[in-house]
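*Asks:* coords please:
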Amino acid sequence: MVSSRPVYRPPTAPSSHRLPAYVYWRRRAIVALSAVTLVVVGYFGITLAFALNNPSYGVSYMARGAEWGRQHGIGGFVTWLETEYYKLNPPKTGGKPPAGSFGSGKTKVNVPAAGHLPAPATISTPAGTPLPGEGVWHVAGRETASGIPTIYEAFVRPDALHTSYVVGVAWMDTTLLRAQLYSGSFIPGGGPFVHSAPIRPLASETLVAAFNAGFRMQDANGGYYTQGTTILPLRTGAASVVIYKDGLMTVAQWGRDATMNNQIASVRQNLDLIVDHGKPVAGLTAANAIKWGKTLGGTFNVWRSGLGVTKNGAIIYVGGPSLSISDLANVLVRAGAVRGMQLDINTDWVQYSIFNGPLNTPITGANGVNLLQGMIGPPTRYFTTWWNRDFFTMSLRPGQSTASTTTTTTTAGG
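*Replies:* This is a model prediction of the structure:
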């Protein structure tokens with residue numbers, strides 16, 4: 001009988017064949033590169049998600065993404081994207097602003113004959129023929145106990161082309177108001193600072209206004225001094241907001257109009273002057289990324305803000321949409337500035353708040369109103385712990401709680 005069992009075969013010896021060494025190194029490199037990519041993508045993804053949900057990076061998601069990009073070394077790409085966006089979405093031309101765009105409230109008040117600056121003159125509009133109410137000053141914010149206005153506000157169109165937009169202008173009496181620079185952990189960085197958000201209840205009792213400062217310091221082309229410490233070196237020739245220990249604020253070219261001394265409390269620099277000797281400086285329409293700021297330069301009509309000082313020492317804030325840097329300088333000059341500078345730009349950062357409420361009583365952001373309705377940043381930002389940018393406040397000077405009985409009629413624009 002023939003057996004059906006298979007014939008025994010001894011096991012085959014293990015093969016000694018191996019793949020070439022470069023194959024194994026290539027596989028290891030792919031695994032390592034994949035791991036690194038996963039870590040990098042995960043890190044950027046997590047930090048981006050954090051930024052998009054962090055209000056200190058901006059009100060809009062677009063602004064938060066841009067701030068994240070600049071913080072993570074892709075600022076050039078972000079600026080390019082912003083440039084392309086503004087090319088594709090320019091401000092509209094022609095038209096008229098909505099009714100009620102030029103302010104309301106009293107323009108004539110009975111005030112003491114002395115002890116304050118004279119009310120400002122009506123602003124001539126850059127748009128040519130003024131519309132009813134355009135450029136007329138209105139009393140705004142907390143007044144002194146004697147009823148003296150500390151701030152006037154007015155509104156004008158930015159130029160003769162973009163006539164449906166309105167720019168806000170605030171005039172501040174430095175004989176009645178004292179300034180304070182509030183520093184932040186993001187701008188200028190470092191700290192802790194004695195004056196930093198949130199505004200404290202005691203400081204709010206005489207608060208009249210709060211407004212944005214300048215660019216991020218890496219874009220400001222200038223320095224920062226406060227609390228007796230130079231946070232970043234001050235640049236000779238830079239446009240500078242200078243605040244003295246007595247609360248007086250001015251706008252200066254550093255090294256010419258102001259130099260360091262023991263009476264200076266704070267210096268916040270941002271780019272170069274755009275107004276000097278009562279005129280816009282030369283070259284504002286030229287593309288100079290450093291002199292007029294790396295962020296979008298000066299030729300785009302976007303939200304911008306600026307600060308100026310008049311011949312008699314009043315401080316002027318200008319902020320609004322559809323402003324080129326030359327438009328900004330022009331409005332500052334028309335409002336009476338003899339020296340002026342650009343502050344921050346873009347919708348999330350241009351913000352001026354005016355506060356009301358009984359004197360010597362703590363207030364909150366709920367007591368504030370924006371200079372322009374289009375300012376998307378609410379006044380509450382200055383009363384939050386997360387607001388990590390620097391800003392300025394204007395408060396009543398000591399002694400302004402005592403009323404005076406000698407009055408005279410003053411009309412803004414007279």
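*Asks:* What about Thr93, how many residues nearby?
*Replies:* The number of residues packed near Thr93 is 14, by other CB atoms under 10 Å. The way it works is simple: take the backbone N, C-alpha and C, and place the C-beta from them, glycine included.
*Asks:* next one: phi and psi at the nearest residue to it once chain neighbours are set aside?
*Replies:* Spatial nearest neighbour of Thr93, excluding adjacent residues (CB to CB, 6 or more residues apart in numbering): Leu161 at 5.3 Å. Reported as degrees, to the nearest 10, the phi and psi values for Leu161 are phi -100, psi -50.
*Asks:* Please give me every residue in contact with Gly190.
*Replies:* If you count contacts by CB atoms under 8 Å, 6 or more residues apart in numbering, Gly190 has them with Ile231.
*Asks:* my bad, should have said Gly306
*Replies:* The contact partners of Gly306, by CB under 8 Å, 6+ apart, come to Ile274, Tyr317, Val318, Gly319, Leu328, Ala329, Val331, Leu332, Gly340, Met341, Gln342, Leu343.
*Asks:* roughly how far apart are it and Gly293?
*Replies:* Gly306 sits 12 Å away from Gly293, taking CB to CB, to the nearest Å as the criterion.
*Asks:* what residues are shared contacts of the two?
*Replies:* Contact criterion CB under 8 Å, 6+ apart; residues shared by Gly306 and Gly293: Gln342.
*Asks:* What is the burial count for the residue nearest to Thr93?
*Replies:* Tallying neighbours of Leu161 according to other CB under 10 Å, which is how burial is gauged here, yields 16.
*Asks:* Need the contacts of Gly306 in TSV (columns: secondary structure and neighbour count).
*Replies:* Listed next are the contacts of Gly306 as TSV, based on DSSP: H, G, I helix; E, B strand; the rest coil; neighbours: other CB atoms under 10 Å:
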residue	secondary structure	neighbour count
Ile274	strand	27
Tyr317	strand	26
Val318	strand	31
Gly319	strand	30
Leu328	helix	29
Ala329	helix	27
Val331	helix	30
Leu332	helix	29
Gly340	strand	27
Met341	strand	30
Gln342	strand	28
Leu343	strand	28
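*Asks:* In CSV, list the residues you listed along with distance to Thr236.
*Replies:* As requested, those are arranged in CSV below (distance: CB to CB, whole Å):
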residue, distance to Thr236
Ile274, 18
Tyr317, 25
Val318, 26
Gly319, 28
Leu328, 24
Ala329, 22
Val331, 28
Leu332, 23
Gly340, 19
Met341, 15
Gln342, 19
Leu343, 20
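*Asks:* Considering those, which is situated nearest to Gly247?
*Replies:* Using CB to CB, the shortest approach to Gly247 within these belongs to Tyr317, at 16.6 Å.
*Asks:* Without its sequence neighbours, what residue ends up closest to that closest one?
*Replies:* Computed as CB to CB, 6+ apart, the closest residue to Tyr317 that is not its neighbour in sequence is Ala170, at 4.4 Å.
*Asks:* partners of the one helix or strand that neighbour maps to in the sheet?
*Replies:* Remark: Ala170 resides in strand 167-172, with elements defined by DSSP states H and E. Using DSSP bridges, the neighbouring strands of strand 167-172 in the sheet come out as strand 151-156 (antiparallel), strand 315-323 (antiparallel).
*Asks:* How far off centre is that strand?
*Replies:* Between the centre of strand 167-172 and the centre of its chain there are 15 Å (CA atoms, centre = their mean, to the nearest Å).
*Asks:* With only the CA atoms kept, save that strand in PDB.
*Replies:* C-alpha atoms of strand 167-172 as PDB (Å, rounded to 0.1, in the frame of the first residue of the first chain):
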ATOM      1  CA  VAL A 167     -13.600 110.900  11.100                       C
ATOM      2  CA  GLY A 168     -13.800 111.700  14.900                       C
ATOM      3  CA  VAL A 169     -11.700 114.500  16.500                       C
ATOM      4  CA  ALA A 170     -11.300 115.000  20.200                       C
ATOM      5  CA  TRP A 171      -9.800 118.200  21.700                       C
ATOM      6  CA  MET A 172      -8.500 117.900  25.300                       C
END
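*Asks:* what does it contact?
*Replies:* For strand 167-172, the external contacting residues (CB under 8 Å, 6+ apart) are 120, 123, 137, 140, 150-158, 209, 211, 314-321, 323, 331, 335-336, 352, 354, 371-372, 394.
*Asks:* let's see it at 6 Å
*Replies:* With CB atoms under 6 Å, 6 or more residues apart in numbering as the test, strand 167-172 has contacts from 120, 151-156, 158, 314-320, 331, 335, 352, 371-372, 394.
*Asks:* for stretch 249-266, same thing?
*Replies:* For stretch 249-266, the external contacting residues (CB under 6 Å, 6+ apart) are 179, 181, 226, 234, 236, 238, 240, 242-245, 273, 307-309, 315, 339, 341.
*Asks:* Pull up the distance across it, start to finish.
*Replies:* Between the opening and closing residues of stretch 249-266 we find a distance of 9 Å, counting by CA to CA, to the nearest Å.
*Asks:* cool, and stretch 227-246?
*Replies:* 14 Å.
*Asks:* ok now that stretch, how far from the chain's centre?
*Replies:* Computed by CA atoms, centre = their mean, the chain-centroid distance of stretch 227-246 equals 18 Å.
*Asks:* Give the buried residues for that stretch.
*Replies:* If you call a residue buried by 16 or more other CB atoms under 10 Å, then stretch 227-246 has these buried ones: Ile231, Leu232, Leu234, Arg235, Ala238, Ala239, Ser240, Val241, Val242, Ile243, Tyr244.
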